[in-house]
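**Q** Sequence and predicted model, in that order:
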Amino acid sequence: MGVTLSEAAAKHVQNFIAKRGRGIGLRIGVRTSGCSGMAYKLEFADALDEGDLQFDSFGVKVLVDPKSLPYIEGMELDYTREGLNEGFKFNNPNVKDACGCGESFQV
Amino acid sequence: MALLQISEPGLSTAPHQHRLAVGIDLGTTNSLVATVRNGISVVLNDEHGRAMLPSVVRYAADGAVVVGEPAQAAQSDDPVNTILSVKRFMGRGLADVGDTSRLPYRFVEAPSTSSGQVASTSSGHGMVQLRTVAGVKSPVEVSAEILKVLRVRAEASLGGELVGAVITVPAYFDDAQRQATKDAAKLAGLNVLRLLNEPTAAAIAYGLDNASEGVYAVYDLGGGTFDISILRLSRGVFEVLAANGDSALGGDDFDQRIHCWLLEKNQLSALNPKDTRLLLTLARAAKEQLTEHDETRITAVLSSGELIDNVLTQTEFQSMSQNLIQRTLQPLRRALRDAKLAVADVKGVVMVGGATRMPQVQLAVGEFFGQTPLTNLDPDKVVALGAAIQANLLAGNRTSDDWLLLDVIPLSLGLETMGGLAEKIIPRNSTIPTARAQEFTTYKDGQTAMSLHVVQGERELVSDCRSLAKFELRGIPAMVAGAARIRVTFQVDADGLLNVAAREMGSGIEAAIVVKPSYGLSDAEITRMLQDSTQHAQDDMQARAQREQETEANQLCDAVQQALAQDGELLDLVQRAHIEEQMAALQEALRSGGQQLIKRAITALNDATVSFAQARMDKSVTRALAGKNISDLDIK
């Protein structure tokens, strides 16, 4: 299980890291905040933290801290375009309820 | 759900609190908006995938406003209401715009402010206005329409409201032009994080801020303007050492050359506007073709039915555009001279502007500097990309490298002093932000007000400088001439805007005034003013010495006359006659000119009044002591 990237998302991440010039992978996590409980964290990872879980998706290393994992277990990260906007989309099976925009959620 | 972007480690934003910031290149011909997404600076395209928004605004009678391509398309049908190149009018008065006879617009001179001391937010005063079918519009409003379109595009692309924008301006933009740009942004609903000089933005886009320290040149050949800037990078800080250019030289001139060549080849003369436009469009296409190919074929059918079919080779194009390129090298030399640098000091050269795609331009610049210029970023986008990187930083999306950007003021800022002399407070090419203070004093006994005239320029006489603003400091306690201490502070903020404050140090009274500079100078004018100042250096020095003597002479005559009126009875007739004789001699010397003559007459009058001054001093001491016991005197 764990956390996976779609092929499109992985390609974009690889591209972004290459252009950024550094980084060992992508860090995905959650934190408590926002209008509906939890919020996603999506960051470049420059170093491995202690206890980090590692998943490999289409050649991209995905790091998740153990406390975050239960909230995003089985999640797939996709990259899509909506009108002029484009970015990463979280398909998280654990979400029971989300705020209007989906940026924060409850499990 | 919302689409997320990757943040830097530890900088994930809270939901609904994305720090969305953009960089905007508000250009004369085209404008662009860019942002940093997933750690990379990218230009945001419109729904048709176009990055560049033509800086063209068309006003319709029903109040509708069209911006960009559709406005550009209407240019020939509705020239009066279709505003092009509005950037040239930003912060400028009608007089600054120059020859308006060739422009299709109906210009309106706005009521200029008499005192020049207006709140800095109410820009538009003194700025030229344009009468359109939808009413009179200021350049600020027209620019705001362009910015609005870019803001809407950015918000649609980023999925949220912007926290702010960095907008680029030419390095030579003066205070009025910068303020006008800020006002336009405000009107468009944008929070300006900072105005950034275009060459500095280009250097940032190339990541030169992370490069090794040294001097870099930015060669910007746009559609209608040419700018050269010399930047120095030290410890991650950019400083504009010098800026120069030609406001009437750009890629369009190259099109014009091909157009003329076509006319000559086909022995055409006086085409109608439609054919002229057609040939110019083809000329432009041919120019672009020659970037990739050695030759290009130009075919057209004119409205007369005449057929045009010519082949233009790269070699021919090069020779016909040779002197245009040469014209860019002159400002380049001047900029280096201003920066007191040699070609060999330049570590890297950045190319900006679509016209720098032309191989002959790259070749000439490469030859001049003895190195290959940087061309790997799209020269049309490089300024916007750099602005986006800074916007991202200012919005708080980056922590690690905290750079600060330094720019310079193009012309010295100073005050008018007695005799019409310009006293420089902040010298030209000072890096900004900066603040300088200088103390001034009163010229006459009992003077209670002081008029401050802020001027800009390199010349010694105020009449040869440009007047920026005038204001008054009132309520100075009456004192003898020279006793009051008035501290004048000049402050130029990070955006290049000027504040002048005056404070009488004894009483603490202050003139709390926001000085709004009247309106702009063209870069050609700046260049002329700089050239004038070097050419006239000798004359200016003499003129200054002369004025100083004259001022001193006048001040002395005033003082003596006042003393004679007050204490004339202390003198006998002979003494008085002697003083009056010397004063007449000084006044005569003043009329006839010679600096040496005035100087001698001043000395003579001073000598003649020594005993009179002594007598007056004794009298005032006696008067002060009269009728008082020694114990009453407050001796400290």
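**A** It's in. Numbering: from 1, shown residues only, chains lettered A, B, ... in the order given.
**Q** pLDDT of the lengthiest helix in chain A, averaged?
**A** Once chain A is assigned using DSSP state H, the helix that runs over the most residues is helix A:7-20. The pLDDT scores in helix A:7-20 average 91.
**Q** Could you grab the helix/strand/coil label for the spatially most central residue of chain A?
**A** Central residue check for chain A by Cα atoms, centre = their mean: the C-alpha nearest the mean position is that of A:Ile28, 3.9 Å away. At A:Ile28 the chain is in strand, as set by DSSP: H, G, I helix; E, B strand; the rest coil.
**Q** for residue 52, what are its contacts?
**A** Picked chain A for this. Residues near A:Asp52 by Cβ atoms under 8 Å, 6 or more residues apart in numbering or on different chains: A:63-66. C-betas here are computed from N, CA, C, even on glycine.
**Q** The intended chain is chain B.
**A** B:30-32, B:380 are the contacts of B:Met52 under Cβ under 8 Å, 6+ apart.
**Q** count of residues packed around residue 54?
**A** As the question left the chain open, I've gone with chain A. Residues contacting A:Gln54 under the criterion other Cβ atoms under 10 Å in any protein chain shown number 13.
**Q** switch to chain B, that's the one I care about
**A** B:Pro54 is flanked by 21 other residues according to other Cβ under 10 Å.
**Q** which non-adjacent residue is nearest it?
**A** Spatially, and ignoring its direct neighbours in sequence, B:Pro54 is nearest to B:Gln72 (4.5 Å; Cβ to Cβ, 6 or more residues apart in numbering or on different chains).
**Q** Could you pull out the buried residues of stretch B:466-481?
**A** Buried positions in stretch B:466-481, judged by neighbour count with 16 or more other Cβ atoms under 10 Å in any protein chain shown: B:466-471, B:473, B:476, B:479, B:481.
**Q** near chain A, which residues of chain B show up?
**A** B:1-12, B:14-16, B:37-40, B:44-47, B:153, B:156-159 (Cβ under 8 Å from any Cβ of the partner chain).
**Q** which helix is the longest one in chain B?
**A** helix B:537-567.
**Q** now the angle from the following helix or strand past that helix to helix B:537-567?
**A** Remark: after helix B:537-567, the chain's next helix or strand is helix B:573-592, criterion DSSP states H and E. When axes from the mean of the first three to the mean of the last three Cα atoms, to 10 degrees is applied, the directions of helix B:573-592 and helix B:537-567 differ by 150 degrees.
**Q** Now do helix B:573-592: which elements does it pack against?
**A** helix B:537-567, helix B:595-608, helix B:610-625 (3 or more Cβ pairs under 8 Å, 6 or more residues apart in numbering or on different chains; DSSP states H and E).
**Q** What are the contacting residues of stretch B:384-396?
**A** B:19-25, B:32-36, B:41-43, B:163-168, B:193-194, B:196, B:200-206, B:377, B:398, B:402-403, B:405.
**Q** picking up where we left off before, I'd like the contacts of B:Met52 as CSV, with secondary structure, neighbour count and pLDDT appended.
**A** Below are these laid out as CSV (DSSP: H, G, I helix; E, B strand; the rest coil; neighbours: other Cβ atoms under 10 Å in any protein chain shown; pLDDT from 0 to 100):
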residue, secondary structure, neighbour count, pLDDT
B:Asn30, strand, 22, 93
B:Ser31, strand, 25, 97
B:Leu32, strand, 29, 97
B:Asp380, coil, 23, 95
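**Q** give me phi/psi at A:Ser93?
**A** No Ser there; residue A:93 is Pro. The phi/psi pair for A:Pro93 (degrees, to the nearest 10) reads phi -70, psi -20.
**Q** Is it in contact with A:Pro70, as I believe?
**A** No. The criterion here is Cβ atoms under 8 Å, and A:Pro93 misses it with A:Pro70 at 11.9 Å.
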